[in-house]
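In: I would like to see how this sequence folds:
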Amino acid sequence: MFVSISTTGTAENPASDLGFLLHKHPDKVQRFTTAHGTAHVFYPESGEHTCTAALLLEVDPAALLRQGRGKGRSGSPDLALAEYVNDRPYAASSLLAVALRTVFRSAMKGECTHRPELPGRAMPLRISLPAVPVAGGGPALVERLFAPLGWQVEATPVPLDESFPEWGDSRYVRLELTGTLRLADALQHLYVLLPVLDGAKHYWVAPDEVDKLLSAGQGWLADHPERALITRRYLSRRYSLTRLAMERLALARLAEADDREAEELDNAVPDAPEEVTTDGTADPAADAAPTQVQAQANAEPNAEPTAEPEPGHPAADDEATGRGGPLAVQRRTAILAALARTGAARVLDLGCGQGELVGALLKESRVTEVIGVDVSSRALTIAARRLRLDRMSERQASRVRLLQGALTYTDARLKGYDAAVLCEVIEHLDLPRLPALEYAVFGSARPAAVVVTTPNAEYNVRWESLPAGHLRHGDHRFEWSRAEFTAWAARVADSYGYTVAFEPVGPVDPEVGAPTQLAHFRLGEPAAAPAAAVTTTTTTDRTDAPSNDLAPEGSAHR
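Out: Presented below is the predicted three-dimensional model:
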C-alpha cells in the first residue's frame, strides 16, 4: 500500500522543509520494520518549490496470518475467513495507519528539534492514496469525514473491473486530499480516519484504544460533526469503549468552551477508589458518614475534591454537628419538602454529583421522572453504580436518567420540567459565569419551580478552625451573606418572571442565621413563606449587598 505527501514552497519557506518535519532525509531511501512487514520512505522529488515524500508498505501475508491466528489483542477477527487472499497488503487500512505512526511518530507529535518553528506552521499539502477501502457510504462518506477538517476531497470510485463497467464500482476509492494545514494535524487525521473508512482493524481493540483515539483526535474530534460515527467505527463498534470515549469527548468540548482543562471540570469525585462491599458493589453505608467530597455531592462538578477533613475542620463540623442530623441530610430534607409543596412530578437535579438527591427523589412516589445532570463523567458513573441502575426494574429505570452537561450552557433536554434543584452549586462558579447559569436555568430551561441552596457566609464565624476571610471549601469562588443571597435571588426572580421565598437550613443562630440558606423560586406565582420558614432579608448591621457582577465581601473571586 502507498501514500504520498506533497507540498510547495518558496525561497523563504522551501518545500524541502518537509524533510525536517518528517525527520527523514530527502536524499536517502530508508527502510523500517513493522509488525506486519517493511515500510520504505523515499522522496520522488525534493526541491525549493516542490517536495514529495512517499511511504510504501510491503505487508508480509504470512506475518499477517500469524497475527490473525493469535488470541487477545494480537488476534485479527477480520481475517478469519480470508487468510492468504485479502486486500490487506494493498488497501490503505489500519495497517497503513500504524505504519504512519511508527515511521512518522515525531512528526505526528509536532516535534522538530532542528527547526522548532516548523511544526506550528500551516503549509499547503496534497495527500494521495491510490486505494482506500470505504465500508458503506462511498465517496460521500469520505467527504463527510475529511471536509470538516479543512480538506478539499477528491474521492474517485474504483470500478470492480474496467473491462465490465456494468459490474459497477468497488468499495475502494482513489483519494486525494488538498488543504493548508499543519503536517502533524494531517497525519493525525489519516491515523484516525483510515481505519474508520475501512470499518475494521487488523488487531483486537482493547481499552487503550480510547486513549489513542482521544490523543490523535485532540483539537478536532470533539467538534467534528461525525464524531459519533468516527468514535464508533474506530473502536470497532464496542459499545462500552464508545460510550467512554463519547463521555470524554463531551467533557473536552465543555472544557474548551470554558477555556479550562478537562481535569478541572471532571473533578467532582476523588481519584481514590470507591469503597465497595465484598460482592464488588458500592457500599451504601458509605453515605452514612459522608466525607467532605461526598458532602459536596450535589455541588457544581467544578468543585475540587480534597482529602477527607481532619476533625475540627469546618467542612467536617458542617456535616457532623448540625442539630437534627448531618447538614447534608437536612439540606435534602428541606429540598424535598420544598418540592413537595409545589407538587413537582418531573424534577431536574442540576449538578447531581454522585446522585444522593436523585436517589432520595426516586423514593418519592409523587415523582415520576428525575434527570440528574453533571459535567463530570466520573461522578455520573459513580451515581449510576450507587443508584444500581443496572439492577432496577424496567419500570423504575424509566423514571431516571443521568446526563452529562454544563449548567452554564442552554440545553434543550432540560426544558419543560416541573422543578429544578441547584444544591450547593452556584458558589462553585466564577461570578462572571453566574449570569450564564441564570439564563440557562431560569431563561432557557424555565422549570415551574427552582430550589437553590448555598452556604451562609455569616455563619462561618461559628467555625472555630476557619481563619477569618477564608471560605468553607477550596473550590468555592464566593460565599454570600443572607443579604447578598437575597439580593441576587430577588434580581433573578424579577428578571425572569419568578417569585422567591427564603428559608434557613440547619440550626439557626440568633446572630448569624443558619449554615445553609435556601431560595424557593416559583414561576409567576405570589411568594408565600413556606411552613416553618424564616424569611430572611438583611441584618441591621449589614446592608451592603453587592450587585451580581461584583465579588461579595470576603469572597474568593477567581
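
In: For this protein, give the strand that spans the most residues.
Out: strand 169-181 (DSSP state E).

In: for the record, mean pLDDT for the helix or strand following it?
Out: Per DSSP states H and E, the first helix or strand lying C-terminal to strand 169-181 is helix 183-198. The average pLDDT for helix 183-198 rounds to 94.

In: quick one on the thing from earlier: and the longest strand of the chain, what other elements does it pack with?
Out: Applying 3 or more CB pairs under 8 Å, 6 or more residues apart in numbering; DSSP states H and E, we find strand 169-181 packed against strand 123-133, helix 138-146, strand 152-159. Any C-beta I mention is one placed from the backbone N, CA and C, and that applies to glycine too.

In: one more time with 6 Å, if that's ok
Out: Packing partners of strand 169-181 (3 or more CB pairs under 6 Å, 6 or more residues apart in numbering; DSSP states H and E): strand 123-133, strand 152-159.

In: and those as a markdown table, adding mean pLDDT?
Out: What follows is the helices and strands packed on strand 169-181, written out as a markdown table (pLDDT from 0 to 100):
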| stretch | mean pLDDT |
| --- | --- |
| strand 123-133 | 95 |
| strand 152-159 | 94 |
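
In: Tell me which of those strands is the most buried.
Out: A comparison of these by mean neighbour count, using mean count of other CB atoms under 10 Å, puts strand 123-133 on top with a mean of 19.

In: is it true that residue 335 touches residue 451?
Out: Yes: contact status for residue 335 versus residue 451: in contact at 5.4 Å, counting by CB atoms under 6 Å.

In: Name the residues contacting each of these two.
Out: residue 421 (CB atoms under 6 Å, 6 or more residues apart in numbering).

In: Buried residues in stretch 180-200, which are they?
Out: 181-200 (16 or more other CB atoms under 10 Å).

In: okay, that stretch in PDB with CA atoms only?
Out: C-alpha atoms of stretch 180-200 as PDB (Å, rounded to 0.1, in the frame of the first residue of the first chain):
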ATOM      1  CA  THR A 180      -3.300  24.100   4.100                       C
ATOM      2  CA  LEU A 181      -2.800  22.500   7.500                       C
ATOM      3  CA  ARG A 182      -0.100  21.600  10.000                       C
ATOM      4  CA  LEU A 183       1.600  18.400   9.000                       C
ATOM      5  CA  ALA A 184       1.000  16.900  12.400                       C
ATOM      6  CA  ASP A 185      -2.700  17.500  12.100                       C
ATOM      7  CA  ALA A 186      -2.800  15.900   8.600                       C
ATOM      8  CA  LEU A 187      -1.100  12.800   9.900                       C
ATOM      9  CA  GLN A 188      -3.400  12.600  12.900                       C
ATOM     10  CA  HIS A 189      -6.400  12.800  10.500                       C
ATOM     11  CA  LEU A 190      -5.100   9.900   8.500                       C
ATOM     12  CA  TYR A 191      -4.200   7.800  11.500                       C
ATOM     13  CA  VAL A 192      -7.800   8.000  12.800                       C
ATOM     14  CA  LEU A 193      -9.900   8.200   9.700                       C
ATOM     15  CA  LEU A 194      -8.300   5.500   7.500                       C
ATOM     16  CA  PRO A 195      -9.400   2.700   9.900                       C
ATOM     17  CA  VAL A 196     -12.800   4.500  10.200                       C
ATOM     18  CA  LEU A 197     -13.300   4.400   6.400                       C
ATOM     19  CA  ASP A 198     -12.300   0.700   6.300                       C
ATOM     20  CA  GLY A 199     -14.600  -0.100   9.200                       C
ATOM     21  CA  ALA A 200     -12.200  -2.700  10.600                       C
END
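
In: Much appreciated, bye for now.
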